[in-house]
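K.L.:
Below is the sequence, then the predicted model.
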Amino acid sequence: GAVVSQHPSRVICKSGTSVKIECRSLDFQATTMFWYRQFPKKSLMLMATSNEGSKATYEQGVEKDKFLINHASLTLSTLTVTSAHPEDSSFYICSARDPTGGPYNEQFFGPGTRLTVL
Amino acid sequence: AQSVTQLDSHVSVSEGTPVLLRCNYSSSYSPSLFWYVQHPNKGLQLLLKYTSAATLVKGINGFEAEFKKSETSFHLTKPSAHMSDAAEYFCVVIGGGGSYIPTFGRGTSLIVHP
């Protein structure tokens, strides 16, 4: 199946700094990528839908200026957590949809990024 | 509108016994349904999917699920649990009708005892 990578897999940063997480589709072009946040023992919470060449669509309650999303190419989307604080510590997962499979087909998930803000 | 309900937050079985993870959905259209597995600190791996073809879907690692429209269910089963099956399982629905945003169930933690 299709492969989605994320980098870094784990990052520890100081409060107030910004962190960038990359999501890449390795063997297909993804016009749409999704960013999720997962708290311990919880399900995935959709943060935003990232569309190549246009602005991301954020879910209600997600701060656009806090979580900057850029989808500059068909294989790369980035999530930047700006001025990170300890409450931003979480597991962030991206996914991508292969458009050749149709809009209602499965998403392919990255391995996740564990962010710890000290 | 679409929603998905995983009826059990935890399921505990002994190795070698059958597994049943329950999932009910609601959708205004003909949905696509998926089961994903997540091991600790890992991403999600697709186990199987239903996209309006055969109602009995076979997936990886011996798992299968049956789409029952009359019961709005898509339960996941496996005849014999293995220790390596211990993980978190998510039922996901994409409701159709122009919306391809998935809705996740809360997850079911499968515990396998030796």
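P.N.:
Received, thanks. Just so you know, these numbers come straight off a predicted model, no measurement behind them.
K.L.:
From here on, just use CA atoms for contacts and neighbour counts.
P.N.:
OK.
K.L.:
can you give me the strands for the chain?
P.N.:
Picking chain A for this. Ranges of strands within chain A are A:4-7, A:10-13, A:19-25, A:32-38, A:44-51, A:57-58, A:67-73, A:76-81, A:90-97, A:107-109, A:113-117, based on DSSP state E.
K.L.:
wrong one, chain B
P.N.:
Secondary structure of chain B (DSSP E): strands at B:2-6, B:10-14, B:19-21, B:23-27, B:32-38, B:44-50, B:56-58, B:64-68, B:73-78, B:87-94, B:103-104, B:108-113.
K.L.:
Between the strands of chain A, which one is closest to B:Val13.
P.N.:
Across these, B:Val13 has its closest neighbour in strand A:44-51 (24.8 Å, C-alpha to C-alpha).
K.L.:
ok, and does that closest one reach over to chain B?
P.N.:
Yes: contact between strand A:44-51 and chain B, assessed by C-alpha under 8 Å from any C-alpha of the partner chain, occurs at A:Leu44.
K.L.:
Please convert the strands of chain A to TSV, extending it with mean pLDDT, mean neighbour count and distance to B:Thr55.
P.N.:
Listed next are those as TSV, based on pLDDT from 0 to 100; neighbours: other C-alpha atoms under 10 Å in any protein chain shown; distance: least, C-alpha to C-alpha, whole Å:
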stretch	mean pLDDT	mean neighbour count	distance to B:Thr55
strand A:4-7	95	22	28
strand A:10-13	96	14	40
strand A:19-25	96	22	30
strand A:32-38	93	22	28
strand A:44-51	91	22	26
strand A:57-58	94	16	34
strand A:67-73	91	19	36
strand A:76-81	96	22	35
strand A:90-97	92	26	23
strand A:107-109	88	25	20
strand A:113-117	96	21	35
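K.L.:
Could you check these and tell me which one is nearest B:Phe90?
P.N.:
Checking the strands of chain A against B:Phe90 by C-alpha to C-alpha gives strand A:44-51 as the closest, at 9.2 Å.
K.L.:
ok, the single nearest residue of chain B relative to chain A to A:Ala2 distance?
P.N.:
Using C-alpha to the nearest C-alpha, B:Gly43 is the residue of chain B that sits closest to chain A, at 3.8 Å. From B:Gly43 across to A:Ala2, the span is 14 Å (C-alpha to C-alpha, to the nearest Å).
K.L.:
Show me which of these two is the more surrounded one.
P.N.:
Applying other C-alpha atoms under 10 Å in any protein chain shown to B:Gly43 and A:Ala2 shows that B:Gly43 carries more neighbours, namely 23 against 13.
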